[in-house]
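Undergrad: predicted model, plus sequence, below.
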Protein chains: 2
Amino acid sequence: MNELQLIERIRRIVGSRRPGGLMLGIGDDCAIFRLAGAREDLLVTTDFVLEDVHFRRATHPPAAVGHRVLARGLSDIAAMGGKPRFCLLSLALAPWTDTRWIDAFYRGFLALARKTKTALAGGDLARAGRLACDIVVCGTVPKGTALRRDGARPGDAICVTGRLGASALGLATRRGAAWRVHLWPEPRLAIGWFLRARLHASAAMDLSDGLSLDLHRLCLASGVAASLDGEIPTFRGATVEQARHGGEDYELLFTLRPGVKPPASIAGVPVTRIGTIRKGRPGSLSLAGRPLEPRGWDHLGRQ
Amino acid sequence: MNELQLIERIRRIVGSRRPGGLMLGIGDDCAIFRLAGAREDLLVTTDFVLEDVHFRRATHPPAAVGHRVLARGLSDIAAMGGKPRFCLLSLALAPWTDTRWIDAFYRGFLALARKTKTALAGGDLARAGRLACDIVVCGTVPKGTALRRDGARPGDAICVTGRLGASALGLATRRGAAWRVHLWPEPRLAIGWFLRARLHASAAMDLSDGLSLDLHRLCLASGVAASLDGEIPTFRGATVEQARHGGEDYELLFTLRPGVKPPASIAGVPVTRIGTIRKGRPGSLSLAGRPLEPRGWDHLGRQ
């Protein structure tokens, strides 16, 4: 069973009935919840960061692990055009964790928290065989305006921010600019805000598991197909494979209605039109006229 | 470093400044957040449930693991007098997890979710060496009315619900009623509601780590001491030690202003007055006139 299959299975068991206030449930970057009387909707996201799955003790400095834990949650808030408000961190310490590691971890975590005005508001502590974190980030967005995965329509332009494949290249080589991007990803909060408030993007999500798999998911959610007919912006030194399928770039993938021209850059980050949303089998992708198999990071793939 | 020391360390690094909307941060059962215009406050809690820490594959049926994961989060909402609204579940599957285990796990989880009207609204999936869950529960409470740990004052009565030590006894014997209580704890949502709306309890928290340690924490948060002068209600067959220090009973511990008489039971669950809040060194406990050391479950204790 792969990740999409398990999510579908859970979604079926849960059913489609949504109780009062819950505007969006399983299957997007964040859940959306509306409180009676509130002028803003609440966004909530949760993500694991696990030793030997998402990072390795031998290669990842503790401050970077702390940074990446929070960045992972913030990136989901960015994808919906939200503003982060507060977070909760669950941390299970491993037998090898010492005070120095913990202090450096929190230093990295809290530096990003301060920069993005995200208050650390609680969490849980435990011990386990391997270090495990779970990050919860809560954000807000003006009522009814959150960017979602399910709004793409045939004819929309498909765009990405930045240059893809950096994180995969960095993980493979462990040096240079690509390794720095892998260790210190920058959640695209200002860009998400701009996509929502200025460009009124029709759909958006963050690129956490690789372009091909994430675009496949966006198309599935929107019930559309996609053809990639523009050049995929590639990080210097990264392979075509890394740019197409490499995970953890934390750039934004989004779609714009036909009348909206993508700017060359947003907040200093290049924006590239890479394709067009088409009618067709939901989730199917083509690249330069040939089928493209989604094959990024499946969280339930055997490791 | 034990858990309280690490929490203090984190609290110091984080600082006391709370950004807009965050009414309560580190150190209580839930974080409290207020959205502009909303008539209710939001409660958010997150908790780990880890294989070989919080449950064992060999002894805990999967449906009970699913139930306990959600119960752990719901109990924090109950402690604040809140109503659960939705939850997110992060689940890292172990190599041994098969479809049957996963289905039974979700069956247990979702039965409690339905019973308590808590929608499953998302989460994260991963694989890891050992099974790991993190549960996030979001609830609501009328603005400004959440029960907290820091409201106890000298003279207040100290009360508990239920009979303590059942979970510790059950874990030790793995049979009978105590084992059923351990496997299927019942979050005290109706009681929490009553404590908040009817009795206006001055402080409350859930008993997750044992009476002595949790009462110590409540007293620390409130800046008071406590003397236990009543009998501690003990589950049939449990030892005095299990009742005083055993964790995971998920009963409620609360305090009432001097004028408020504790009812004999709430929602069919017995209520017992066990002591009185006193002036004194914050967090210090006495039992029948002699000092009582808090020694329940420290999440950072060596295992």
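TA: Right, received. Where do you want to start?

Undergrad: what ranges does chain A have for its helices?
TA: For chain A, the helices defined by DSSP state H occupy A:3-14, A:62-79, A:99-115, A:166-173, A:176-183, A:189-197, A:211-222, A:240-245.

Undergrad: so which of those helices has the densest surroundings on average?
TA: A comparison of the helices of chain A by mean neighbour count, using mean count of other C-beta atoms under 10 Å in any protein chain shown, puts helix A:62-79 on top with a mean of 27. In short, each C-beta sits where N, CA and C put it, glycine included.

Undergrad: quick one: average confidence on it?
TA: In this model, helix A:62-79 has an average pLDDT of 98.

Undergrad: helices or strands up against that helix?
TA: strand A:40-50, strand A:83-93, helix A:99-115, strand A:132-142, helix A:176-183, helix A:189-197, strand A:203-206 (3 or more C-beta pairs under 8 Å, 6 or more residues apart in numbering or on different chains; DSSP states H and E).

Undergrad: what angle separates that helix from helix A:99-115?
TA: 30 degrees (axes from the mean of the first three to the mean of the last three C-alpha atoms, to 10 degrees).

Undergrad: any idea of the angle helix A:62-79 forms with helix A:211-222?
TA: 30 degrees.

Undergrad: list the contacts of residue A:27.
TA: Counting by C-beta atoms under 8 Å, 6 or more residues apart in numbering or on different chains, residue A:27 makes contact with A:7, A:11, A:149, A:221, B:122.

Undergrad: including pLDDT and distance to residue A:31, could the residues you listed go into a markdown table?
TA: Formatted as a markdown table, those follow (pLDDT from 0 to 100; distance: C-beta to C-beta, whole Å):
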| residue | pLDDT | distance to residue A:31 |
| --- | --- | --- |
| A:7 | 77 | 14 |
| A:11 | 76 | 13 |
| A:149 | 96 | 13 |
| A:221 | 94 | 14 |
| B:122 | 90 | 5 |
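
Undergrad: out of the residues you listed, which is nearest to residue A:200?
TA: residue A:149 (15.6 Å; C-beta to C-beta).

Undergrad: which residues sit in contact with the closest one?
TA: A:27-29, A:203-205, A:217-218, A:221-222.

Undergrad: now, among these, which is nearest to residue B:97?
TA: Nearest member of these to residue B:97, counting by C-beta to C-beta, is residue A:27, at 21.7 Å.

Undergrad: what's the per-residue pLDDT of the residue most central in space within chain A here?
TA: For chain A, the residue sitting closest to the mean C-alpha position, by C-alpha atoms, centre = their mean, is residue A:206 at 3.3 Å. pLDDT for residue A:206: 97.

Undergrad: specify the beta-bridge partners of it.
TA: Taking DSSP bridges as the rule, residue A:206 bridges to residue A:252.

Undergrad: my guess is it contacts residue A:77, does it?
TA: No: taking contacts as C-beta atoms under 8 Å, residue A:206 lies outside contact range of residue A:77: 9.2 Å.

Undergrad: and for those two, which residues touch both?
TA: Joint contacts of residue A:206 and residue A:77 (C-beta under 8 Å, 6+ apart) are residue A:29.

Undergrad: could you chop chain A up by domain?
TA: A:29-142, A:157-292 (automatic domain parsing).

Undergrad: out of those, flag the one nearest residue B:187.
TA: Using C-beta to C-beta, those put domain A:29-142 closest to residue B:187, at 16.4 Å.

Undergrad: quick check: end-to-end length of the closest one?
TA: 17 Å (C-alpha to C-alpha, to the nearest Å).

Undergrad: now do stretch A:156-164
TA: 21 Å.

Undergrad: name the residues of that stretch that are buried.
TA: A:156-164 (16 or more other C-beta atoms under 10 Å in any protein chain shown).

Undergrad: what does stretch A:249-267 give?
TA: A:249-256, A:260, A:262, A:266.

Undergrad: what separation is there between the nearest residue to residue A:223 once chain neighbours are set aside and chain B?
TA: Excluding its sequence neighbours, the residue lying closest to residue A:223 (C-beta to C-beta, 6 or more residues apart in numbering or on different chains) is residue A:282, at 4.7 Å. For residue A:282, the distance to chain B equals 20 Å [C-beta to the nearest C-beta, to the nearest Å].

Undergrad: need the contact list for residue A:282.
TA: A:219-220, A:222-225.

Undergrad: do you know the pLDDT at residue A:26?
TA: 80.

Undergrad: that one: what's it in contact with?
TA: A:7, A:10-11, A:14, B:120-123.

Undergrad: per-residue pLDDT, residue A:19?
TA: 69.

Undergrad: try the one 10 residues further on
TA: If you check residue A:29, the pLDDT there is 84.

Undergrad: the one 10 residues further on too?
TA: Per-residue confidence for residue A:39 comes out at a pLDDT of 94.

Undergrad: these two touch, right, it and residue A:143?
TA: Yes: counting by C-beta under 8 Å, residue A:143 is a contact partner of residue A:39 at 5.9 Å.

Undergrad: coming back round to it: which among the domains of chain A is found nearest to residue B:135?
TA: domain A:29-142 (9.0 Å).

Undergrad: chain center to that closest one: distance?
TA: 13 Å (C-alpha atoms, centre = their mean, to the nearest Å).

Undergrad: circling back to that earlier point, could the buried residues of stretch A:156-164 go into a markdown table alongside distance to chain B and pLDDT?
TA: What follows is the buried residues of stretch A:156-164, written out as a markdown table (distance: C-beta to the nearest C-beta, whole Å; pLDDT from 0 to 100):
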| residue | distance to chain B | pLDDT |
| --- | --- | --- |
| A:156 | 25 | 98 |
| A:157 | 28 | 98 |
| A:158 | 24 | 98 |
| A:159 | 25 | 98 |
| A:160 | 23 | 98 |
| A:161 | 23 | 98 |
| A:162 | 23 | 98 |
| A:163 | 26 | 98 |
| A:164 | 22 | 98 |
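
Undergrad: return the subset of those lying in strands.
TA: A:157-161 (DSSP state E).

Undergrad: if we can go back for a sec, among the buried residues of stretch A:156-164, give me the pair with the biggest separation.
TA: Farthest pair in the buried residues of stretch A:156-164, by C-beta to C-beta: A:156 and A:163, 22.1 Å.

Undergrad: which parts of the stretch 101-250 of chain A sit against chain B?
TA: Contact residues, the stretch 101-250 of chain A versus chain B (C-beta under 8 Å from any C-beta of the partner chain): A:102, A:106-107, A:110, A:117, A:119-130, A:132, A:134, A:136, A:138, A:140.

Undergrad: put the buried members of these into a PyMOL selection.
TA: Entered in PyMOL, the line below selects the buried ones among these, by 16+ other C-beta under 10 Å:
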select buried, chain A and resi 102+106+110+119+120+121+122+123+124+125+126+127+128+129+130+132+134+136+138+140
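
Undergrad: who does the lowest-mean-pLDDT helix or strand in chain A touch, helix- and strand-wise?
TA: The weakest-scoring helix or strand in chain A, judged by mean pLDDT, DSSP states H and E, is helix A:3-14 (a mean of 77). If contacts are counted by 3+ C-beta pairs under 8 Å, 6+ apart, helix A:3-14 sits against helix B:99-115, strand B:119-127.

Undergrad: so which of these is nearest chain A?
TA: Chain A lies closest, by C-beta to the nearest C-beta, to one member of the helices and strands packed on helix A:3-14: strand B:119-127, at 3.8 Å.
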